[in-house]
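J.: Structure, please.
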Amino acid sequence: MEYTEEEIAVIKKAKQGGFELSPGQINFRRDKIKEIKSDFNQEYPEDIITAFLTTGGSVFGNNIEKFLVDSYFDMEEEDRMAHIRYAGIDWGQDDDYACLSIADRQLNREVFMGRWRKEDWDVIRREMRKHLYYWNAQYIRPERNSMGSSQIFELAKEMEKDKFEFEIRPVVMNNPIKKELVLFFRDGLHDHGYKVMDSDYGNMEMKTFVTKRTASGLYNYEVIGDGKDDTVITRMLGYAGMFSFDE
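T.: Predicted coordinates for the structure are as follows:
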């Protein structure tokens, strides 16, 4: 019996958990995927993240779909350059992703979201600059983490060299600031009609972004299991950026 790459990964994951999957079980899995298609992960969760999706509990609510708009968006150059936009950046290179979210205040929506990893930093910054210039995103809120400080400096230097007008206000992420960003972004989605782009990985991060109580009694905001929150952080920074600058 030949297995797909996905099935090999499932078999390996099960083995790590002490289970040996038989060919009959893999055939059952194939039949169920054909039968219920995209609902398979919710009906038959194979890890902590897909198990979580069966019950929900996201900070942003269980019906993320109501906040989504088309996965691709573009405008004519005249309209695109007619007003200034706002960007959020989260830095990552190997295990995490470097992400960029660009928000349009007039349209009250995200117009671009991208991510990169396993690239040289100059390549990642080049890709970011390309989209910042294209969308006239002059106001930028990047996270200043351990790797972010040097990247913010290099990004600013490159943008100055390109003679692109911009203002950068870095954000040092800690629990109080993260909480403030989460609540502000959640209000934007629920109460003010802000929309984000439909993206498999972005949707998953939003669906599994939860609040957890620590031993000290405080609450932290994070993605469950080993999931990533790069796009969530980026989107929150981009949305908050729309209200953080004096134009």
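J.: contacts and neighbour counts: CA atoms only from here.
T.: OK.
J.: Can you pull the poorly scored residue ranges out of the protein?
T.: Residue ranges of the chain with pLDDT under 70: 14, 16-19, 36-56, 247.
J.: Let me see the ranges of the strands in it.
T.: In the chain, the strands defined using DSSP state E lie at 68-69, 85-90, 98-104, 109-116, 137-142, 167-168, 196-197, 209-213, 219-223.
J.: wait, doesn't residue 189 sit right on residue 183?
T.: No: counting by C-alpha atoms under 8 Å, residue 183 is not a contact partner of residue 189; they are 9.9 Å apart.
J.: follow-up on the earlier one: dump the strands of the chain to CSV, plus distance to residue 127 and mean neighbour count.
T.: Formatted as CSV, the strands of the chain follow (distance: least, C-alpha to C-alpha, whole Å; neighbours: other C-alpha atoms under 10 Å):
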stretch, distance to residue 127, mean neighbour count
strand 68-69, 23, 17
strand 85-90, 12, 29
strand 98-104, 10, 28
strand 109-116, 9, 22
strand 137-142, 14, 25
strand 167-168, 17, 16
strand 196-197, 19, 24
strand 209-213, 27, 17
strand 219-223, 26, 18
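J.: Distance to residue 122 for those - can I get that in a markdown table?
T.: Output for the strands of the chain, formatted as a markdown table (distance: least, C-alpha to C-alpha, whole Å):
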| stretch | distance to residue 122 |
| --- | --- |
| strand 68-69 | 31 |
| strand 85-90 | 15 |
| strand 98-104 | 12 |
| strand 109-116 | 12 |
| strand 137-142 | 16 |
| strand 167-168 | 18 |
| strand 196-197 | 26 |
| strand 209-213 | 30 |
| strand 219-223 | 28 |
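J.: Looking at the ones you listed, spot the one closest to residue 2.
T.: Smallest distance to residue 2 across the strands of the chain (C-alpha to C-alpha): 32.4 Å, for strand 109-116.
J.: What is the closest one packed up against?
T.: Strand 109-116 sits against strand 98-104, strand 196-197, with contacts defined as 3 or more C-alpha pairs under 8 Å, 6 or more residues apart in numbering; DSSP states H and E.
J.: Adding distance to residue 60, write those out as TSV.
T.: Formatted as TSV, those follow (distance: least, C-alpha to C-alpha, whole Å):
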stretch	distance to residue 60
strand 98-104	18
strand 196-197	12
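J.: Of all these, which one is nearest residue 207?
T.: Among the helices and strands packed on strand 109-116, the nearest to residue 207 by C-alpha to C-alpha is strand 196-197 (13.1 Å).
J.: partners of that closest one in the sheet?
T.: Applying DSSP bridges to the sheet, strand 196-197 is found paired with strand 68-69 (parallel).
J.: What lies in contact with the strand it pairs with?
T.: The contact list for strand 68-69 (C-alpha atoms under 8 Å, 6 or more residues apart in numbering) reads 195, 196, 197, 198.
J.: Identify the bridge partners of the third one.
T.: Just to be clear, that refers to residue 197. residue 69.
J.: these two touch, right, it and residue 103?
T.: No: in this structure, residue 197 is not within contact of residue 103 by C-alpha under 8 Å, at 10.4 Å.
J.: Overlap of the contact sets of the two?
T.: Taking C-alpha under 8 Å, 6+ apart as the criterion, residue 197 and residue 103 both touch 110, 111, 112.
J.: Can you give me the neighbour number for residue 200?
T.: As a burial measure, residue 200 scores 9 neighbours (other C-alpha atoms under 10 Å).
J.: can you tell me which residues contact it?
T.: So residue 200 contacts nothing (C-alpha under 8 Å, 6+ apart).
J.: How much space separates it from residue 146?
T.: Residue 200 sits 28 Å away from residue 146, going by C-alpha to C-alpha, to the nearest Å.
J.: which residues touch residue 118?
T.: Counted by C-alpha under 8 Å, 6+ apart, residue 118 has contacts 93, 94.
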